[in-house]
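Chemist: coordinates for the following, if possible.
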Amino acid sequence: MADLAHVIPAMDMINATSRLQLEAAEVRATKPSWGSYLRSQMIPQEDYNFISAYEAAKTKEERDVVLAANDANGQAVKTIVNLITNVAKDQNVRYVLTLLDDMLQEDKNRVEIFHNAAKRQKRTVWSWFLGILQRQDNFIVNQANEYMNTTARCLQMMLRIDPYRHAFMEADGIQSIVAALGGKTNFQLQYQLVFALWCLTFNPDIARRAPALGVIQALGDILSESSKEKVIRIIMATFSNILKKVEEREIKKEAALQMVQCKTLKTLELMDAKKYDDTELEEDIEFLSEQLHLSVQDLSSFDEYCSEVRSGRLQWSPVHKSDKFWRENAPRFNEKNFELVKILIRLLETSQDPLILCVAAHDIGEYVRHYPRGKVVIEQYQGKQAVMRLLTAEDPNVRYHALLAVQKLMVHNWEYLGKQLDVDTPETVTVK
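Modeler: The predicted structure follows:
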């Protein structure tokens, strides 16, 4: 948008200092055809009216008038968010993000418009930008990251104060951070978000809820890929906090087991071989190594299985195909109001990962095979329908394991089926 080039003089072609700024200058010069969007009913009249009026404003004063007229009713924020999240064309999303960046750079007090809108909707400001971090366009992701970095810096300061930690957790802030860490985040943003989680875990109540909210899995994923010592240190400090602050034995055990499954012990061994000047880091390494080794020694195969299922990250670990495991533990799937059965069925219904679907279907079949009333339980919770839907899945492995599970739900002569499975292909297995 050439007529707004005066808004940020430092961003012009002569003074641009980065590739992102150069691209932003090019983006301003290519104004989308909002009229076409309106005629195609891709945007409502209200969005068209605001964006057209804002683009037509020639001075800061005129832009302030447009924003003021559209603040109380939330239309300014609504339009910008709608255009960022609902427009499919990357080039036009680039334009709106650049317009937003220019808007806030011109007058930083305008951020209050977004804070007010977020309060009215009872949501967090940054939640509007989480989705676009998943887009493939690097310019869009980096523009969004800039706002995420600013938000993360604020969180680093705010969450040092305990009352704010409670408020943040009640606003589903932890889930927002976990979701952001699962997207395309640069190294600095990654560190800032983990730092925020570390601050949160100083509160015992929040620390005890961390395993159930996916915090450990999210940090474990980063730990397995990151080579940045700064990030590794803050993750270790967060893990250490969780184990120190949680008093309930079962929750502490679950947290330690999740860390073991994230290959934290291997990372600790590598770190222990190095020498650090940081005393706190040395203490964290020693503490975590001791706690995780103790948890492994006290670990039963059923504990390991439960943790894996609760994490939702099923894989072909040895227990799944161990007849001894199923003979000894199938009845325990009924504990806690059939918790494990319900999770497996939910994974069959919601997961898009072929591996998870294969393992979940297999485990449903094994539960039915080894627990006399398993068929009744699975049907009671609509597990049979969930398995049968997978018979038409695209992935051949998913279809195969779904077919085996269906056969186990229908067949009563297990010894006969076992012999048949050794020699038959999925297409020729006979249902008795």
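Chemist: buried residues, stretch 52-64. List them.
Modeler: Within stretch 52-64, the residues that qualify as buried are 53-55, 57, 63, counting by 16 or more other CB atoms under 10 Å. The way it works is simple: take the backbone N, C-alpha and C, and place the C-beta from them, glycine included.
Chemist: may I have that stretch as CSV, with CA atoms only?
Modeler: Output of stretch 52-64 as CSV, limited to C-alpha atoms (Å, rounded to 0.1, in the frame of the first residue of the first chain):
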residue,chain,number,x,y,z
SER,A,52,-11.8,0.4,2.9
ALA,A,53,-12.1,3.3,5.3
TYR,A,54,-8.8,2.6,7.0
GLU,A,55,-6.9,2.3,3.7
ALA,A,56,-8.5,5.5,2.4
ALA,A,57,-7.3,7.5,5.5
LYS,A,58,-4.3,9.6,4.5
THR,A,59,-3.0,10.8,7.9
LYS,A,60,-2.5,9.4,11.4
GLU,A,61,-5.4,11.6,12.6
GLU,A,62,-7.7,10.2,10.0
ARG,A,63,-6.7,6.7,10.8
ASP,A,64,-7.3,7.4,14.5
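Chemist: after the host helix or strand of residue 78 comes which helix or strand?
Modeler: When elements are defined using DSSP states H and E, residue 78 is found to belong to helix 75-86. Next along the chain after helix 75-86, taking DSSP H and E as the criterion, comes helix 90-106.
Chemist: I'd like the average pLDDT over that following helix.
Modeler: In this model, helix 90-106 has an average pLDDT of 84.
Chemist: that one to helix 75-86, inter-axis angle?
Modeler: 150 degrees (axes from the mean of the first three to the mean of the last three CA atoms, to 10 degrees).
Chemist: quick check: mean pLDDT across the helix holding residue 78?
Modeler: 87.
Chemist: ditto for stretch 336-352
Modeler: In this model, stretch 336-352 has a mean pLDDT of 94.
Chemist: buried residues in that stretch?
Modeler: 338, 340-341, 343-345, 347-348, 351.
Chemist: and for stretch 98-106?
Modeler: Quick answer for stretch 98-106 (16+ other CB under 10 Å): 98-104.
Chemist: adding distance to residue 377, write these out as CSV.
Modeler: Shown next, in CSV, are the buried residues of stretch 98-106 (distance: CB to CB, whole Å):
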residue, distance to residue 377
98, 56
99, 56
100, 52
101, 55
102, 59
103, 57
104, 55
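Chemist: quick check: phi and psi on the residue positioned nearest the centre of the chain?
Modeler: Residue closest to the average C-alpha location in the chain (CA atoms, centre = their mean): residue 179, at 3.1 Å. Residue 179 adopts backbone torsions of phi -60, psi -40, taken as degrees, to the nearest 10.
Chemist: now do residue 247
Modeler: Dihedral angles (degrees, to the nearest 10) for residue 247: phi -100, psi -30.
Chemist: state the distance from the spatially closest residue to residue 116 that is not a sequence neighbour to residue 193.
Modeler: Leaving aside its sequence neighbours, residue 116 sits nearest to residue 71 (CB to CB, 6 or more residues apart in numbering; 7.1 Å). Distance, residue 71 to residue 193, by CB to CB, to the nearest Å: 30 Å.
Chemist: between these two, tell me which one has more neighbours.
Modeler: residue 193 (26 against 16; other CB atoms under 10 Å).
Chemist: what's the helix or strand for that one?
Modeler: In this structure, residue 193 sits in helix 187-200 according to DSSP H and E.
Chemist: low pLDDT regions in the stretch 101-250 of the chain?
Modeler: 129-147, 183-184 (pLDDT under 70).
Chemist: circling back: against which helices or strands is the helix holding residue 78 packed?
Modeler: helix 45-56, helix 90-106, helix 111-121, helix 127-130 (3 or more CB pairs under 8 Å, 6 or more residues apart in numbering; DSSP states H and E).
Chemist: residue 235 touches residue 223, doesn't it?
Modeler: Yes. Counting by CB atoms under 8 Å, residue 223 is a contact partner of residue 235 at 5.3 Å.
Chemist: the more surrounded of those two?
Modeler: More neighbours surround residue 235 than the other of residue 235 and residue 223, with 26 against 21 (other CB under 10 Å).
Chemist: for the more buried one, which non-adjacent residue is spatially closest?
Modeler: Counting by CB to CB, 6+ apart, the residue nearest residue 235 is residue 219, at 4.8 Å.
Chemist: do the same with residue 255
Modeler: Closest to residue 255 by CB to CB, 6+ apart is residue 211, at 4.5 Å.
Chemist: next one: that neighbour from residue 67, what distance?
Modeler: Taking CB to CB, one finds residue 211 at 44 Å from residue 67.
Chemist: more neighbours: which of these two?
Modeler: Ranked by neighbour count (other CB under 10 Å), residue 211 and residue 67 place residue 211 first, with 24 against 20.
Chemist: look up phi and psi at that one.
Modeler: Note on residue 211: its backbone torsions stand at phi -60, psi -40 [degrees, to the nearest 10].
Chemist: thought it was touching residue 261?
Modeler: No. With contact defined as CB under 8 Å, residue 211 does not reach residue 261; the gap is 11.2 Å.
Chemist: OK, contacts around residue 287?
Modeler: 240, 243-244 (CB atoms under 8 Å, 6 or more residues apart in numbering).
Chemist: can I get those in JSON lines with distance to residue 325?
Modeler: Converted to JSON lines, the contacts of residue 287 look like this (distance: CB to CB, whole Å):
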{"residue": "240", "distance to residue 325": "32"}
{"residue": "243", "distance to residue 325": "27"}
{"residue": "244", "distance to residue 325": "33"}
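Chemist: most neighbours among those, which one is it?
Modeler: Neighbour max across those (other CB under 10 Å) = residue 240, 21 neighbours.
Chemist: let me see the contact set for that residue.
Modeler: 284, 287-288.
Chemist: quick check: closest non-adjacent residue to it.
Modeler: Residue 240 sits nearest to residue 284 (CB to CB, 6+ apart), 4.4 Å away.
Chemist: distance from the chain centre to the helix or strand containing the one you found, please.
Modeler: Assessed by DSSP H and E, residue 284 sits inside helix 279-297. Here helix 279-297 is found 27 Å from its chain centre; the criterion is CA atoms, centre = their mean, to the nearest Å.
Chemist: how about the CA coordinates for that helix, as PDB?
Modeler: C-alpha atoms of helix 279-297 as PDB (Å, rounded to 0.1, in the frame of the first residue of the first chain):
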ATOM      1  CA  THR A 279      25.800 -24.900  39.900                       C
ATOM      2  CA  GLU A 280      22.000 -24.900  39.500                       C
ATOM      3  CA  LEU A 281      22.200 -26.800  36.200                       C
ATOM      4  CA  GLU A 282      24.500 -29.400  37.800                       C
ATOM      5  CA  GLU A 283      22.000 -29.800  40.600                       C
ATOM      6  CA  ASP A 284      19.100 -30.200  38.200                       C
ATOM      7  CA  ILE A 285      21.000 -32.900  36.200                       C
ATOM      8  CA  GLU A 286      21.800 -34.800  39.400                       C
ATOM      9  CA  PHE A 287      18.300 -34.500  40.800                       C
ATOM     10  CA  LEU A 288      16.600 -35.500  37.600                       C
ATOM     11  CA  SER A 289      18.900 -38.500  37.000                       C
ATOM     12  CA  GLU A 290      18.300 -39.800  40.500                       C
ATOM     13  CA  GLN A 291      14.500 -39.400  40.300                       C
ATOM     14  CA  LEU A 292      14.100 -40.900  36.800                       C
ATOM     15  CA  HIS A 293      16.400 -43.800  37.500                       C
ATOM     16  CA  LEU A 294      14.300 -44.500  40.600                       C
ATOM     17  CA  SER A 295      11.100 -44.300  38.600                       C
ATOM     18  CA  VAL A 296      12.500 -46.800  36.100                       C
ATOM     19  CA  GLN A 297      13.400 -49.300  38.800                       C
END
